[in-house]
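> my questions concern the predicted model and sequence given below.
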Amino acid sequence: MSKGLAARAAALDILVTVLERRLPLSEAVPPAVAGLEPAERARAARLAGETLRWLDRADRMLKPFLSRPPPLRVRNVLRLALVEIFVAQAPPHAAVDAAVSLARRGPRGKAMAGLVNAVLRRATAEGPERWEALALPRLPKWLRAPLLKRWGREVVEAIEAAHLRPAPLDLTPRDGDAQALAERLGAMALPTGSVRLQDSPQLSALPGYAEGAWWVQDAAAALPARVLAAKPGERVLDLCAAPGGKTMQLAAAGAQVTALDLSPERLERVAENLARTGLQSELVAADALVWEPPGGALFDAVLVDAPCSATGTIRRHPELPHIRDARRLGELTALQARLLDRAAALTRPGGRIVFCTCSLLPAEGEDHIATALARNPALQLDSVALDLPGVEPGWIGAEGLRTRPDYWGEIGGMDGFFIAALRKSA
C-alpha cells in the first residue's frame, strides 16, 4: 500500500472508530495508525479531524447523489474524499482514486467501489461553487438551542464559523514575561499574557522546552489562575488539577499548591509537567467531594476547574459534537455545583475561590452562580478580580467572565470558558 493510501486508510479507521464507538480522537488509535511513520500518522489524524469538522457540510453535499444512506464505512469514505478535495485542496482525481480503492477493500467491495466512484465524480463535477454555497456546519440541536437562547443567531453562527478554523498553539511562560518569550520564539505576545505560535512546530525542538520555560495552554485556559492571583506563600488548592497547566501557573506565582485529582494516572502527567518546569506542588489523588486536608487546615484560595461537557474546546476537538449529547449534562451540572460548594467549605474566611468550566453552555457556567450564592451566604462575587490586562469589558457579565471561540477571531480565536471569582466573607 502506498504511503498516501495508507494515511487515508488510517484516517478512515480513525473516523469509523470515533463515530461508531463515540471515542475522542485522542483515544481512537486503530492498529493501522500505530504502524505509520510519524509524518503519515499526523496526516491521517489531520484528515480525520478535518472531516469531523466539516461532516455536516459533506453530508449536505452528498445528499442529492444518494438515494439511500450507504453503510457507515462507505459514507465515511465519501466524506473523507470530499473534505480532502474541497478543504485540503487535494487533486480530485487522486482523492477519488484513493476513495475507490478504500471502498473496494470493504464488504461488497466491487459494488461499493462503483457507488463511490459515481457519487464522487458527480459531486466533484459540481465544483467548489456548490460546496461553498452550502450552509456552514451547525452545532447539534442539544448544544445550539441553549446558545441561541443566550446569545442569538448572529453570535452562534460566529461561534460555528470559529469552530471550522483549527486552533493555534498557545504557551504560558513560566516567568510571566510573554513579550520576551514571544521574541525568543518569533511568536505573538497576546494581551492577556500568553504567547501564540503561528504554526505547529515540534514542541520539543523549540527554545525553552528542555528547561521548562513554558508549557502549552490555551490563552482562555490560562485566565482562571490569573483571576485567582495567587501570592507567594499562600496555601492554594487546585481542585481537579490534571493535566496541570493551572497548577504550574499557581506554583510559578510562588504559592504552596496542593494539586488534587480523582485520577492517579492523570496526576502522573501533572508530575511530569512539574518536573520539566522545575516547579513544586503537593499531589493528592482523592475524591474532592470527601477529601479533608491534613489537620483540617483551610486554604487561602481554591481554584475549581470542574469536569464539564468541554464544549468550549470544539476548535481543538472537532469530534465532540458527534460523540457527546445532553444525556450526561444533568449529572455534570450537579457535580459542578457540589464541587463549588466543597471549594467554599475548604476556603478560609476571607479567602478566594475561582470556579471555571471549559463549556459554552450557560447551564455549566452562568446558571451556577445565583444558586451557589443562595446556598452559601458567606460567598460574594468579586468582580474586581476579573479586571485583568487584555480582558475586554464585553467579556465580563453579571455572573463572571465569559470567553468564546469567536473572540479574537482575527488572530485565531480562543477556547470557550466561564470564570467566576468569589470571596468568602471574613
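Everything's here; your move.
> now the strands for the stretch 101-250 of the chain?
Counting by DSSP state E, counting those that start in this stretch, the stretch 101-250 of the chain has strands at residues 169-173, 188-189, 195-197, 214-216, 235-239.
> show me what the first one packs onto, helices and strands only.
Looking back up the chat, that one is strand 169-173. For strand 169-173, the packing partners by 3 or more Cβ pairs under 8 Å, 6 or more residues apart in numbering; DSSP states H and E come out as helix 178-185, strand 195-197, strand 214-216, helix 245-252. In short, each C-beta sits where N, CA and C put it, glycine included.
> mind redoing it with 7 Å?
When contacts are defined as 3 or more Cβ pairs under 7 Å, 6 or more residues apart in numbering; DSSP states H and E, strand 169-173 sits against strand 195-197, strand 214-216.
> before we move on, what about the second one?
Identification of packing neighbours for strand 188-189 by 3+ Cβ pairs under 7 Å, 6+ apart yields helix 178-185, strand 195-197.
> sorry, back to before: so which of the strands of the stretch 101-250 of the chain comes closest to residue 361?
For the strands of the stretch 101-250 of the chain, distance to residue 361 was read as Cβ to Cβ. The smallest value, 20.2 Å, belongs to strand 235-239.
> assign residue 350 to helix, strand or coil.
Following DSSP: H, G, I helix; E, B strand; the rest coil, the label given to residue 350 is strand.
> how far away is it from residue 260?
With distances taken as Cβ to Cβ, to the nearest Å, residue 350 is found 22 Å from residue 260.
> export only the CA atoms of the helix or strand bottoming out on mean pLDDT in the chain, formatted as CSV.
Within the chain, no helix or strand scores below helix 31-34, which has a mean of 75 by mean pLDDT, DSSP states H and E. Taking Å, rounded to 0.1, in the frame of the first residue of the first chain, the C-alpha atoms of helix 31-34 are listed here in CSV:
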residue,chain,number,x,y,z
PRO,A,31,-3.6,-0.6,14.7
ALA,A,32,-3.3,0.8,11.1
VAL,A,33,-2.5,4.2,12.7
ALA,A,34,0.1,3.0,15.1
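> name the helices or strands packed onto it?
With contacts defined as 3+ Cβ pairs under 7 Å, 6+ apart, helix 31-34 has these neighbours: helix 3-21.
> kindly export the helix it packs on (C-alpha atoms) in CSV.
The C-alpha coordinates for helix 3-21 follow below in CSV (Å, rounded to 0.1, in the frame of the first residue of the first chain):
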residue,chain,number,x,y,z
LYS,A,3,2.0,6.0,1.8
GLY,A,4,-0.7,8.2,0.6
LEU,A,5,-3.3,5.4,0.6
ALA,A,6,-2.0,4.1,3.9
ALA,A,7,-2.6,7.5,5.5
ARG,A,8,-6.1,7.7,4.0
ALA,A,9,-6.9,4.2,5.2
ALA,A,10,-5.8,5.1,8.7
ALA,A,11,-7.9,8.3,8.6
LEU,A,12,-10.9,6.2,7.7
ASP,A,13,-10.2,3.8,10.5
ILE,A,14,-10.0,6.7,13.0
LEU,A,15,-13.2,8.2,11.6
VAL,A,16,-15.1,4.9,11.9
THR,A,17,-13.8,4.3,15.4
VAL,A,18,-14.8,7.8,16.6
LEU,A,19,-18.3,7.7,15.2
GLU,A,20,-19.1,4.1,15.9
ARG,A,21,-17.6,3.9,19.4
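> tell me the domain ranges of the chain?
Here the domain parsing of the chain from automatic domain parsing is 3-133, 218-424.
> buried deepest among those, which one?
domain 218-424 (a mean of 20; mean count of other Cβ atoms under 10 Å).
> neighbours around the residue lying closest to residue 207 once chain neighbours are set aside, how many?
Spatial nearest neighbour of residue 207, excluding adjacent residues (Cβ to Cβ, 6 or more residues apart in numbering): residue 184 at 5.6 Å. Using other Cβ atoms under 10 Å, residue 184 has 16 neighbouring residues.
> any idea how far residue 184 is from residue 173?
Counting by Cβ to Cβ, the gap from residue 184 to residue 173 is 9 Å.
> again with residue 235
According to Cβ to Cβ, residue 235 and residue 173 sit 24 Å apart.
> want to throw the helices and strands packed on strand 169-173 into TSV with mean neighbour count and distance to residue 111?
Shown next, in TSV, are the helices and strands packed on strand 169-173 (neighbours: other Cβ atoms under 10 Å; distance: least, Cβ to Cβ, whole Å):
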stretch	mean neighbour count	distance to residue 111
strand 195-197	22	47
strand 214-216	21	46
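> which pLDDT value goes with residue 29?
On pLDDT, residue 29 comes in at 79.
> looking at this, it is in a strand?
No - per three-state DSSP, residue 29 lies outside any strand segment and is coil.
> what about stretch 178-196, start to end distance?
10 Å (Cα to Cα, to the nearest Å).
> could you pull up the mean pLDDT of that stretch?
Here the average pLDDT along stretch 178-196 is 97.
> what does stretch 312-326 give?
For stretch 312-326, the mean pLDDT works out to 95.
> and stretch 112-120, by the same measure?
In the prediction, stretch 112-120 has an average pLDDT of 96.
> show me what it is in contact with.
62, 65-66, 70, 74, 77-78, 81, 96, 99-100, 103-104, 106 (Cβ atoms under 7 Å, 6 or more residues apart in numbering).
> can you list which of these are found in helices?
Cross-referencing those against helices under DSSP state H gives 62, 74, 77, 78, 81, 96, 99, 100, 103, 104.
> out of the residues you listed, flag the one nearest to residue 292.
residue 77 (54.8 Å).
> so that closest one versus residue 165, what's the distance?
Counting by Cβ to Cβ - residue 77 and residue 165 are separated by 26 Å.
> end to end, how far does stretch 52-68 reach?
End-to-end distance of stretch 52-68: 21 Å, with Cα to Cα as the criterion.
> of the contacts of stretch 112-120, which is the nearest to residue 26?
Distances from residue 26 to these, taken by Cβ to Cβ, are shortest for residue 77, at 23.2 Å.
> that closest one against residue 102, yeah?
Yes - using Cβ atoms under 7 Å, residue 77 is in contact with residue 102, at 5.0 Å.
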